[in-house]
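Novice: Output the structure for:
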Amino acid sequence: MAVSNILEWTLISECPIPRDVEEILVDGEVAVAAYKTFRDSAIFTNKRLIVRDAQGLTGKKVEIYSLPYSSIIMWSTENAGKFLDFNSEVELWTRVGRIKINLQKGVDIRKFDRLIAEALLK
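Specialist: Predicted coordinates for the structure are as follows:
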């Protein structure tokens with residue numbers, strides 16, 4: 001059963017790849033880029049997108065979303081252009097529905113687009 005908008009994330013800026021992400025990578029999987037979210041981070045690997053979401057008042061409870069690139073059917077990017085580019089949007093259509101990713105001003109939409117293309121088209 002498909003769901004219209006199942007998830008929505010906001011990426012604030014590119015950041016160093018968290019060291020502890022190595023614990024959840026499989027053999028042959030490599031972290032390529034990471035982005036800061038409001039409470040945690042999103043990590044692109046050569047096989048999937050991992051979004052870590054710290055929860056609760058203390059942030060000790062962490063939910064991890066794992067989106068294998070093989071489940072992405074199509075994607076779109078939208079921005080207002082260079083002068084008014086305060087935020088951009090990316091939509092991923094997957095087998096179970098759409099995922100919306102908001103990119104803040106500090107995130108390069110074209111680099112983000114290339115990350116997705118490299119992952120899906122190679």
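
Novice: which residues of this structure score low on pLDDT?
Specialist: For the chain, the stretches with pLDDT under 70 are 1-5, 56, 58-59, 80-86.

Novice: What ranges does it have for its strands?
Specialist: Secondary structure of the chain by DSSP state E: the strands cover 3-11, 13-15, 31-36, 41-45, 48-55, 61-68, 72-78, 87-94, 97-104.

Novice: list the buried ones in the third one?
Specialist: When burial is assessed from 16 or more other CB atoms under 10 Å, strand 31-36 yields the following buried residues: 31, 34-36. C-betas here are computed from N, CA, C, even on glycine.

Novice: Deepest-packed of the strands of the chain, please.
Specialist: strand 41-45 (a mean of 22; mean count of other CB atoms under 10 Å).

Novice: what's that one packed up against?
Specialist: In terms of contacts (3 or more CB pairs under 8 Å, 6 or more residues apart in numbering; DSSP states H and E), strand 41-45 is packed against strand 31-36, strand 48-55.

Novice: Quick check: I109 touching L103?
Specialist: Yes: contact criterion CB atoms under 8 Å: I109 and L103 qualify, at 5.9 Å.

Novice: what is in contact with these two at once?
Specialist: When CB atoms under 8 Å, 6 or more residues apart in numbering defines a contact, the residues bordering I109 and L103 alike are 88, 90.

Novice: sorry, back to before: determine which two of the buried residues of strand 31-36 are furthest apart.
Specialist: A31 and K36 (14.5 Å; CB to CB).

Novice: ok, back up a step: so can I have TSV of the helices and strands packed on strand 41-45 showing distance to L121?
Specialist: As requested, those are arranged in TSV below (distance: least, CB to CB, whole Å):
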stretch	distance to L121
strand 31-36	14
strand 48-55	15
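
Novice: Appreciated, that's everything.
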